[in-house]
Structures are given as structure tokens and as C-alpha cells.
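let's see this in three dimensions:
(one chain, ligands or ions: 1)
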Amino acid sequence: MSSTDAATFWDGVYAARPAATDPRPNVRLTEAVTDLPPGEALDIGCGDGGDALWLARQGWRVTAVDISAVAVERLAGLARSHGLAERIDAQRLGRFPKGRFDLVSAHYLPPAPGRATVLRAAAHALRPGGLLLVVDHGSTAPWSWNQDPDVRYPSPTEVAEGLDLDPARWTVERADAPRRVATGPGGHTAEVTDHVLLIRRTRRTRRRDTPPPRTGNSELETLRGFLDYLRTSIAAKVDGAPEPAVRTAGVPSGTNLLGLLNHLTFVERSTFLGGKVTNWQATFHAAPDDSVADVVERYRTTVERANEVLDNCTDPGAPVPERPGPSVRWALTHMIEETGRHAGHADILRELIDGATGR
Ligand SMILES: C[S@@+](CC[C@H](N)C(=O)[O-])C[C@H]1O[C@@H](n2cnc3c(N)ncnc32)[C@H](O)[C@@H]1O
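Predicted structure coming up:
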């Protein structure tokens, strides 16, 4: 089903029944959230809005999105009539909502081609320590609109695998299939199975600070030792940073984490390897096709080549062989200043992205 067809379908579902006046929350939400301190939540496929209203009553600020304009309008009206409009932002889902969340929940979001992409974006939008709760049907209720006997319900573990999340940064805390007694639209009850997946974004522990290097005593050994220290630090800071935040501007001026390392690669080339750059501003953005690993690898390789050149420099006052003009002393001092300045930027940007700290 295309997204336009899905929107028409769900608009029809909601328009065909009277608007709920006080929809109830899902039990899988209340059991997972009751003990959490309120923060910012995103409810994907909010439907009637029982979950969003319950969260708002617990003190959460909720962004509630749905493909159905009818559902979204009804929830916005309910939020107003329950005095919760300040806490609920009901939106028709277009682009994935901006912001960072302490909780993202998706209850009974239908299987569709883009679903895993949306849930993966949701996992990335979590703050460190935040929770992604995905609840799916694990059985067919007698009143379900879809009575296809061949329908297959992916297990929570299969859903988790489909998200392809780095286990070092997200932990599956729950993946099971509890049963409950559910009440259908006609008031009759039946036992149904839920597929529950609860994933937590790992809280970043502070990376241990690396102390300043013990260098040799000569001028060149001291300068090179401190430069390598800063180079290692900024490469580690960018390595493994999550997409898309790694290339998204972290401050209004446009500075982004991946762009900083891309830029430093060009500065290394220009300073030690004779590389020419015509547009320095453009170097602050990595090419869209370059992964984080590509950019980090290219930086480290460039540094190795620069060090090979420096290995042959014994006189700090002599010009850099590949770039006649500035002395080796000037080039190293400049590179320390440049790398140190951007390593500081990188520290702040990375902490803003996922809370990772340490040098
Ligand atoms: C079975 S209902 C569940 C509603 C609500 N979460 C609940 O538990 O009561 C599925 C909801 O997902 C919405 N939906 C379907 N496809 C969607 C999509 N691609 N993005 C956002 N919402 C979608 C539908 O409009 C509908 O409101």
C-alpha cells in the first residue's frame, strides 16, 4: 500500500467511527513508563491518542504523529478539551519529526515498506538512556479487520534485527510475547498476544581522558608528539558518531562533526603534502556518499603520509619539503593550533549528538 493509500485507508477507518472522548492508553505503554521521570515523548501512529493523553497527564511533553489527518485533528481537539494542548503537539507524519526524545513509542504501527526506516530513525532520535517501545500484534483478534489466516507476525527479535542497530549503542531490554485479555469494539473479549520490543539507547559512559603525551625532549619530538595526540583525539571523537547527526549542523553557523574532520584532512594535505585547495569553505562538508568510516579512514591515512614526510625533516627551521615556504616549525605549530581548535569544537558537537565525552 502506498503512503497515500494508507492515509486514505486510515482516514476512512477513523471517519467511520465516532470520535473517542477519552481513549485509554495501551497497557504495554503504562507498564513500561509508569516509573520513568517525565521527559519528551514521540508517539508514532498515535491513532485515537489514548497513549499521548495518558503520557501528557503524567507530565510528558508529547509529539504525536499519524498518517491519518482525521486522527491527528481529533487528537488535537481532545488535547484542547482535556486542557493538555500545551503538552501535546499532534502532527500529520510527513518528514520524521525534529528533536530528541526520552521515549518513542509505536503501538500497532502497520507493517509497510518504510516502517523499519521510521523505527530506525526513532532509535537514533533517542537521547542517551532513552527508550524505544515497539508493540505489535502477535495474534489475530476475532474483531480484527484483517482475518487472513496466513498472516505472519514477525517476532520482536526479528523486528529488532530489521532495525540493524549497533549493539554497543542500543540494548534490547525486552523482546517477548505476553498475552492479555482485550475488549473489541462490540464489547466482547478475547485473549490476544502482543509482541513487545523495548530498546534502550546506551548511556554514554565518559571515555577516559588520555593524558598529554610523553614526548622526547627535542623541539620536533615535542611538537610532533602533541600534534599526534590531538589528531588521535579528534579521529576517535568522530569515529562511530551516529548518522545523520554526524553531518547535521550542530550550531547555527553550520559547523558539523564530520565536516570538521573532512576539513582537517585537507589542511593536513595542504600543510605537509603540497595539496591545493580552492574552496576551503566547501571542505567543511563531507561528500554525501562518504560514510563516517570513509572520512575517518581518509584522515588517518593522510596523517600517516604527513608523518612519513615529517620523518625526513630534521631541521625545524627548514621549509616543509612538499611545500616550500613555511618552516617545519611553523607548519607543525599551525597544525597543532588548527587541530586543537577543531578538536574542541568536535568535543562539544559529539556531546550534543549522543552525550559522549572524554578526550
Ligand atoms: C492499529 S492503529 C494503532 C493506533 C494507536 N497506536 C493505538 O495503539 O491505539 C495504527 C495507526 O497507525 C497509523 N499509521 C499507519 N501507517 C502509518 C505510517 N506510515 N506513519 C504513521 N502512522 C501510520 C494509522 O493511521 C493508525 O492510526
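
which bits of the protein sit near the ligand?
6, 10, 26, 44-48, 50, 65-68, 71, 93, 107-110, 112 (Cβ under 6 Å from any ligand atom). Backbone N, C-alpha and C define where each C-beta goes, glycine included.

strands of the stretch 201-350 of the chain, start to end?
319-320, 323-327 (DSSP state E, counting those that start in this stretch).

looking at those strands, which is buried most?
Among the strands of the stretch 201-350 of the chain, strand 319-320 has the highest mean neighbour count (mean count of other Cβ atoms under 10 Å), at a mean of 18.

adjacent strands (with direction) for that strand?
Sheet pairing for strand 319-320, assigned by DSSP bridges, gives strand 323-327 (antiparallel).

so how far is the partner strand off the chain centroid?
Between the mean C-alpha location of strand 323-327 and the chain-wide mean there is a distance of 43 Å, by Cα atoms, centre = their mean, to the nearest Å.

one more: stretch 154-167?
Averaging C-alpha positions (Cα atoms, centre = their mean) puts stretch 154-167 16 Å from its chain's average.

touching it from outside, list them.
For stretch 154-167, the surrounding residues in contact (Cβ atoms under 8 Å, 6 or more residues apart in numbering) are 111, 116, 119-120, 123, 134, 136, 172, 174-177, 195-197, 199, 240.

repeat for stretch 20-35
With contact meaning Cβ under 8 Å, 6+ apart, stretch 20-35 is reached by 47-51, 53-55, 58, 74, 78, 82, 103, 105, 107, 131, 133, 135, 174, 178, 180, 194, 196, 198.

again, only this time at 7 Å
Residues from elsewhere that reach stretch 20-35 (Cβ atoms under 7 Å, 6 or more residues apart in numbering): 48-51, 53-54, 103, 105, 107, 131, 133, 135, 180, 194, 196, 198.

okay, now the unreliable bits of the stretch 151-300 of the chain?
Along the stretch 151-300 of the chain, the parts satisfying pLDDT under 70 run over 204-207.

ok and the residue in it nearest the ligand?
Among the residues of the stretch 151-300 of the chain, residue 194 lies closest to the ligand, at 10.6 Å counting by Cβ to the nearest ligand atom.

quick one on the thing from earlier: pull out the buried members of the residues of the chain next to the ligand.
Buried members of these, scored by 16 or more other Cβ atoms under 10 Å, are 10, 26, 44-48, 50, 65-68, 71, 93, 107, 109.

helices - which of these land there?
10, 50, 71 (DSSP state H).

circling back to that earlier point, out of the contacts of stretch 20-35, which is nearest to the ligand?
Closest approach to the ligand among the contacts of stretch 20-35 (Cβ to the nearest ligand atom): residue 107, at 3.5 Å.

mind listing what residue 190 touches?
Contacts for residue 190 were tallied using Cβ under 7 Å, 6+ apart; they are 141, 142, 182, 184.

show me how this structure divides into domains.
Residue ranges of the domains in the chain are recorded as 3-201, 219-354, according to automatic domain parsing.

for the shortest one, how far is the first residue from the last?
Spelled out, that is domain 219-354. Start to finish, the residues bounding domain 219-354 are 38 Å apart (Cα to Cα, to the nearest Å).

do the same with the first one
Domain 3-201 stretches 29 Å from its first residue to its last (Cα to Cα).

neighbours of residue 95, how many?
Burial of residue 95 is recorded as 7 neighbouring residues (other Cβ atoms under 10 Å).

and the one 3 residues further on, by the same measure?
Each residue near residue 98 was counted by other Cβ under 10 Å, and the total is 7.
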